[in-house]
Structures are given as structure tokens and as C-alpha cells.
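**Student:** based on what follows, work out the 3D shape:
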Amino acid sequence: MEILRGSPALSTFRITKLLSLCQKQLPVTDIYAEYVHFAELGAPLNQDDRQKLSQLLHYGPSLTEQQPAGQLLLVTPRPGTISPWSSKATDIAHNCGLQQVIRLERGIAYYIIYSSPLDISQLDDLSVILHDLMVETVWTSFEQAESLFMHHKPAPMVTIEILKNGRRAL
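**Tutor:** Predicted structure coming up:
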């Protein structure tokens, strides 16, 4: 898996709004968020292809990038799912000649600075604010995002027979 930093993910207005929401219940003093891209590769990228992929994944408004600092909370699609963004981005990469790219996925890396350390309960509260519980998950390191590209064999189908007495049997 290749990890590539992207552009800042939130405008100044959205950061201010998010920071205000967090500060109502947590000792958060600053938030920085940027897109992070994960590439599942079938073969290593040469220098030209790496630069092409990097250019493809640098989009959005040109906000000032920061050097990340603080507690990392990485929001990605849930493992076992393929986001609509992933499907389109992977198609675009293939159309640009990047056939080594098996799949691209995107997350948002939130860097949280706080005035006093957060306990587990507070971290849970913060993660609820930052992600959609139904379709996203939160990691505390980039390495954990490897699970986005885990491939599992489907489980065999189970046949259910309905017996004459109305009971089911496997």
C-alpha cells in the first residue's frame, strides 16, 4: 500500500465550525485536516508514474498546507466497502495509464491539538463528531488503513430447506 498526502480537506470556515463544536465538550485547541490517499498497487510505481499519481491526487482549493501536528484520527471508508470516490478515482488512474493501480481510496487525516490529554471516552466522543458511523471508521495510525485492501473469500451459501411441518433445516 502506498500512502500519499493530499490537499487540506477543510476550509477555514469549516475548521472554525468544527472546532467550536468540539470545544463545547472537549479541551480541543486546534484542528487541521487533510486528505490522505491510499493506493493498492499490483507493481511498484516508477518515478514518472509516482509523479503522475501525485498530480492526480492534488485537487481542490489551494489552501495553505500545514506540517501536521497533534493526535492523528484517520477517517476512512469502512473496511470491506468500496466508496464511490474510490471507483471513480481508480477509473481515472487507469485512463491515465496507471495500470499498476489496483484501487485508490481516500480518507481524511485529522490532527487534533488539545490543552489536556483526552481519555478514551473523550476520544470516542471526538471520533463520533468526525465521522459517519454507518459508512466510515476511525483509525489512530496510517498502518491500520491497510485493512481497506484486505481481500476475503466469500463464505459459502447456506441452503435452507423448509420441512413439511414448517420448520427450517440447514
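
**Student:** Tyr59 against Ser7, yeah?
**Tutor:** Yes. Contact status for Tyr59 versus Ser7: in contact at 6.4 Å, counting by C-beta atoms under 8 Å. Bear in mind the C-beta positions are built from the backbone N, C-alpha and C, glycine included.

**Student:** just want to know which of the two has more residues nearby.
**Tutor:** Ser7 (14 against 10; other C-beta atoms under 10 Å).

**Student:** the more buried one - that's part of a strand, no?
**Tutor:** Yes. Counting by DSSP: H, G, I helix; E, B strand; the rest coil, Ser7 is part of a strand.

**Student:** any idea how far the closest residue to Phe149 other than its chain neighbours is from Glu146?
**Tutor:** The spatially closest residue to Phe149, leaving aside those adjacent along the chain, is Glu40, at 4.3 Å (C-beta to C-beta, 6 or more residues apart in numbering). Between Glu40 and Glu146 the distance is 9 Å, computed by C-beta to C-beta, to the nearest Å.

**Student:** what strand or helix carries the residue lying closest to Leu57 once chain neighbours are set aside?
**Tutor:** Closest residue in space to Leu57, ignoring its immediate chain neighbours: His37 at 4.8 Å, by C-beta to C-beta, 6+ apart. Assigning secondary structure by DSSP states H and E places His37 in strand 28-41.

**Student:** what packs against that strand?
**Tutor:** Helices and strands touching strand 28-41, by 3 or more C-beta pairs under 8 Å, 6 or more residues apart in numbering; DSSP states H and E, are strand 2-8, helix 12-23, strand 101-114.

**Student:** for the next helix or strand after the last one, packing partners?
**Tutor:** Tracing the chain C-terminally past strand 101-114 and defining elements by DSSP H and E, one meets helix 120-130 next. Helices and strands touching helix 120-130, as assessed by 3+ C-beta pairs under 8 Å, 6+ apart, comprise helix 12-23, strand 71-77, strand 101-114.

**Student:** buried stuff in the first one?
**Tutor:** This means helix 12-23. Of the residues in helix 12-23, Ile15, Leu18, Cys22 count as buried by neighbour count, 16 or more other C-beta atoms under 10 Å.

**Student:** pick the one among those closest to His151.
**Tutor:** Among the buried residues of helix 12-23, Leu18 lies closest to His151 (C-beta to C-beta), at 34.4 Å.

**Student:** in space, what's closest to Pro68 - neighbours in sequence excluded?
**Tutor:** Nearest residue to Pro68, sequence neighbours excluded (C-beta to C-beta, 6+ apart): Tyr111, at 4.6 Å.
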